[in-house]
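In: Need a 3D model of the sequence below.
(one chain, ligands or ions: 1)
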Amino acid sequence: MEITFDDVTVDIGGARLLDALQLSAGSGEVLGLIGPNGSGKSTALRCVYRALKPSSGAVLAGERDVRAVSIRETAQQIAALTQEGSADFDFTVEEVIAFGRAPHKRGNEPLTTREQAMCAEAMRRVDVAHLAGRGILALSGGERQRVLIARALVQQPRVLILDEPTNHLDIRHQVELLSMVRAAGLTVLVVLHDLNLAAAVCHRLGVLHEGRLVTSGTPEEVLTPELLARVFGVEATVVAHPLTGAPQVLFSLTTPHPAKERTT
Ligand SMILES: Nc1ncnc2c1ncn2[C@@H]1O[C@H](COP(=O)(O)OP(=O)(O)OP(=O)(O)O)[C@@H](O)[C@H]1O
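Out: Prediction:
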């Protein structure tokens, strides 16, 4: 399912958070949103999962404005792992993941055997099966993040919205999650601060700065030293990954590297 930001503007309290965003993620495409803090990335995602209403323009899922679709149908199609989507109540890990099936159920209808197997498989995929009976509030940040990812997977959406999904995850779980995201074949909109992970997982990147889309294209097209200097204000060297060819961004600190200091 294609997701399109069709001239989306968001004004709140006299401030323009997003300015006429025109961008789309094709069916099965992983679209990354990158940009400095406060550039409007989460605001854009919020318009997709309906936490925010555009002041003008619309987000289209396929041909339809997402706001014209029932909440239940939206929940069947779009799963979101958000910044505000933490857990408030101390349900067990197993219960939290089972909630992912709620959009497909009526009332308190119990999970079918197939759905129980789906939940068990999702727990296995994100490596939380050993936590099944634990309360979610007592988990580490990374463990909780993985549980919420499993919940999004069992929702079986057509579109996955991920706002900084690698937050809290150790490097192994970051790599596993993003490999899974890439292999899922879903339309994915993902905000990532790690530009190298973004280059590895995204088919295309959209760069936001002060609420405006600066450019969009493949990671190779977008991640240039000029753009990184202009938008992020950093000096960077961009090289091709020796195995995959994806652009990798290298930074040097403005102070000397410890190895250099030792030899001088
Ligand atoms: N409800 C709100 N009311 C007023 N301003 C808001 C609101 N939500 C966000 N903002 C402001 O809008 C701007 C864009 O916020 P947004 O969360 O979209 O940025 P972001 O690119 O996701 O940033 P970060 O990388 O820091 O997560 C910020 O300056 C933020 O302070």
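In: can you give me the helices in the stretch 101-250 of the chain?
Out: Using DSSP state H, counting those that start in this stretch, the helices of the stretch 101-250 of the chain run over 113-125, 141-154, 171-183, 195-201, 219-222, 225-227.
In: wait, which of those helices is closest to residue 236?
Out: Between residue 236 and those, the tightest spacing by CB to CB is seen for helix 225-227, at 5.5 Å. Placement of C-beta: from N, CA and C, glycine included.
In: Report the buried residues of the closest one.
Out: Within helix 225-227, the residues that count as buried by 16 or more other CB atoms under 10 Å are residue 227.
In: Can you tell me what sits against that helix?
Out: Residues outside helix 225-227 that contact it (CB atoms under 8 Å, 6 or more residues apart in numbering) are 207, 214, 215, 235, 236, 237, 238.
In: tell me the contacts of the fourth one?
Out: If I follow you right, that is residue 235. Contacts of residue 235 by CB under 8 Å, 6+ apart are 225, 228, 229, 251, 252.
In: out of the contacts of helix 225-227, which one sits closest to the ligand?
Out: Nearest to the ligand among the contacts of helix 225-227 is residue 207, at 10.9 Å by CB to the nearest ligand atom.
In: Name the helix or strand for residue 58, please.
Out: Take DSSP states H and E as the rule and residue 58 turns out to sit in strand 56-61.
In: Return the list of strands paired to that strand, each annotated with direction.
Out: strand 3-12 (antiparallel), strand 64-65 (antiparallel) (DSSP bridges).
In: Which pLDDT value does the model give the residue positioned nearest the centre of the chain?
Out: In the chain, the residue lying closest to the centroid (CA atoms, centre = their mean) is residue 162, at 2.0 Å. Looking at residue 162, its pLDDT reads 94.
In: Pretty sure it sits against residue 181.
Out: Yes. Using CB atoms under 8 Å, residue 162 is in contact with residue 181, at 7.1 Å.
In: Now the common contact residues for those two.
Out: 188, 190.
In: Narrow the contacts of residue 235 to those that are buried.
Out: residue 228.
In: What lies in contact with the strand holding residue 58?
Out: 1-9, 20-21, 47-48, 65-67, 69, 74, 77-78, 159.
In: Filter the residues you listed down to the buried ones and hand me the PyMOL line.
Out: A single PyMOL command selects the buried members of the contacts of strand 56-61 (16+ other CB under 10 Å):
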select buried, resi 1+2+3+4+5+6+8+9+21+47+48+66+69+74+77+78+159
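In: what residues does the protein put near the ligand?
Out: 12, 13, 15, 17, 35, 37, 38, 39, 40, 41, 42, 43 (CB under 6 Å from any ligand atom).
In: Under the pLDDT cut-off, which ranges of the stretch 151-264 of the chain? List them.
Out: 255-257, 259-264 (pLDDT under 70).
In: so where do the strands sit in it?
Out: 159-163, 187-191, 204-209, 212-217, 236-240, 247-251 (DSSP state E, counting those that start in this stretch).
In: Run through the neighbouring helices and strands of the first one.
Out: Spelled out, that is strand 159-163. helix 41-48, strand 78-81, strand 187-191 (3 or more CB pairs under 8 Å, 6 or more residues apart in numbering; DSSP states H and E).
In: same question, the second one
Out: Using 3+ CB pairs under 8 Å, 6+ apart as the contact definition, the elements that strand 187-191 packs against are strand 15-25, strand 30-34, helix 41-48, strand 159-163.
In: Not counting it itself, show me its contacts.
Out: 1-3, 25-34, 41-42, 44-45, 48, 158-165, 181, 198, 201-202.
In: ok, and for that strand, which residues are buried?
Out: Going by neighbour count (16+ other CB under 10 Å), the buried part of strand 187-191 is 187, 188, 189, 190, 191.
In: that older thread, how about the strands paired with strand 56-61 in JSON lines, adding distance to residue 104 and mean pLDDT?
Out: Listed next are the strands paired with strand 56-61 as JSON lines, based on distance: least, CB to CB, whole Å; pLDDT from 0 to 100:
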{"stretch": "strand 3-12", "distance to residue 104": "21", "mean pLDDT": "98"}
{"stretch": "strand 64-65", "distance to residue 104": "20", "mean pLDDT": "95"}
